[in-house]
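Colleague: When you get a sec, could you give me coordinates for this:
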Amino acid sequence: MVRTQIYLTEYERQALSDISMTTVKKLCELIREAVSTYISNRKSKSCQAILKPMIGVWKDHRTLVGLRGIRAEWDRVSSQ
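Modeller: Numbering: from 1, shown residues only. Just a heads-up that it's a prediction; the model follows:
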């Protein structure tokens, strides 16, 4: 782990202290959990933002018929 110093508002510090008392977790644990959650949410949102415009791109494309034919061939070969 790397030691990092951060500044919190009085409200943030008090809220974290309250949560710390009720969850019996140290302040540093709560902050690490919050940062991890933030990072994972950002990653999933960025992936969704990239993939969302691609939904349905190949839906009506002629090549899909050819791809289905190739897939059917592969299925026949692998089942033999």
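Colleague: Between the two ends of stretch 3-17, what distance do you get?
Modeller: Length of stretch 3-17, first residue to last, Cα to Cα, to the nearest Å: 20 Å.
Colleague: Go through that stretch and flag the buried ones.
Modeller: When burial is assessed from 16 or more other Cβ atoms under 10 Å, stretch 3-17 yields the following buried residues: residue 16. The C-beta positions use only the backbone N, C-alpha and C, and glycine is treated the same way.
Colleague: Residues touching that stretch, excluding its own?
Modeller: Residues outside stretch 3-17 that contact it (Cβ atoms under 8 Å, 6 or more residues apart in numbering) are 27, 30-31.
Colleague: Write the PyMOL selection for whichever of those are buried.
Modeller: Remark: buried members of the contacts of stretch 3-17, expressed as a PyMOL selection using 16+ other Cβ under 10 Å:
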select buried, resi 30
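Colleague: quick check, nearest of the contacts of stretch 3-17 to residue 1?
Modeller: residue 31 (11.9 Å; Cβ to Cβ).
Colleague: What helix or strand is that closest one located in?
Modeller: helix 27-51 (DSSP states H and E).
Colleague: still on that earlier bit, export the contacts of stretch 3-17 to JSON lines and tack on pLDDT and distance to residue 21?
Modeller: Putting those into JSON lines (pLDDT from 0 to 100; distance: Cβ to Cβ, whole Å) gives the following:
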{"residue": "27", "pLDDT": "95", "distance to residue 21": "10"}
{"residue": "30", "pLDDT": "96", "distance to residue 21": "11"}
{"residue": "31", "pLDDT": "95", "distance to residue 21": "15"}
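Colleague: Can you tell me how far residue 22 is from residue 30?
Modeller: 11 Å (Cβ to Cβ, to the nearest Å).
Colleague: next one: residue 41
Modeller: Separation of residue 41 from residue 30 (Cβ to Cβ) stands at 16 Å.
Colleague: Which secondary structure element of the chain has the lowest mean pLDDT?
Modeller: helix 63-79 (a mean of 59; mean pLDDT, DSSP states H and E).
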